[in-house]
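Student: just coords:
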């Protein structure tokens, strides 16, 4: 068995990032509060292989069956949890260059899930053109205010000069990867220009 995280009674953590294990990492670092849950996706843009997911309890979709519906005992549809509009990714740029760990150079990667506190923590040092920036992320879903998902992002310039921009918002163009007929579940009412 391949071990991707060090494990102690209340913490899983790693200093390694392996893109081929990204989906596994997202599953192992998923967080939830009983009302909503989300996979351990990176907060910033990530153009590599991933499976984004933010889910709300009780929100599901009757996905029409592709095969078997004509057979006795097969359902006409399967109830599937669907992706809710996402507040990730936060688009981050350093000197106008998008931060994307699938494309950028970085070092000192760290990812941990504190199972006792429900706190997902990640950090790395971005290595750009004559600039180094440490990014630190913390995320949790509140048990007190069930609708509250909180993210703390900290950027520290270690060397060089940097203009860092953050662009956050809601992403409503979400879909389920395993949807049988490529349905979209959320209708946009308006979009930013």
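Tutor: Yep, it's here. Treat the numbers as computed from the prediction; the structure is a model and nothing was measured.
Student: Show me which positions of stretch 185-193 end up buried.
Tutor: Using 16 or more other Cβ atoms under 10 Å as the test for burial, stretch 185-193 gives residue 185. All C-beta atoms are positioned from the backbone trio N, CA, C, and that covers glycine.
Student: And stretch 140-148, by the same measure?
Tutor: Buried residues in stretch 140-148, counting neighbours by 16+ other Cβ under 10 Å, are found at 140, 141.
Student: end to end, how far does it reach?
Tutor: Across stretch 140-148, the terminal residues are separated by 9 Å (Cα to Cα, to the nearest Å).
Student: Distance from that stretch to the middle of the chain?
Tutor: Centroid separation for stretch 140-148 versus its chain: 17 Å, with Cα atoms, centre = their mean, to the nearest Å.
Student: Then stretch 172-180?
Tutor: Relative to the centre of its chain, stretch 172-180 is centred 15 Å away, using Cα atoms, centre = their mean.
Student: Could I get the average pLDDT for that stretch?
Tutor: Stretch 172-180 comes out with an average pLDDT of 75.
Student: ok, now stretch 105-112?
Tutor: In this model, stretch 105-112 carries a mean pLDDT of 98.
Student: One more: stretch 143-156?
Tutor: Computed over stretch 143-156, the average pLDDT equals 96.
Student: For the chain, just list every one of the helices.
Tutor: Applying DSSP state H to the chain gives helices spanning 22-28.
Student: which residue lies farthest from the center of it?
Tutor: residue 72 (39.5 Å; Cα atoms, centre = their mean).
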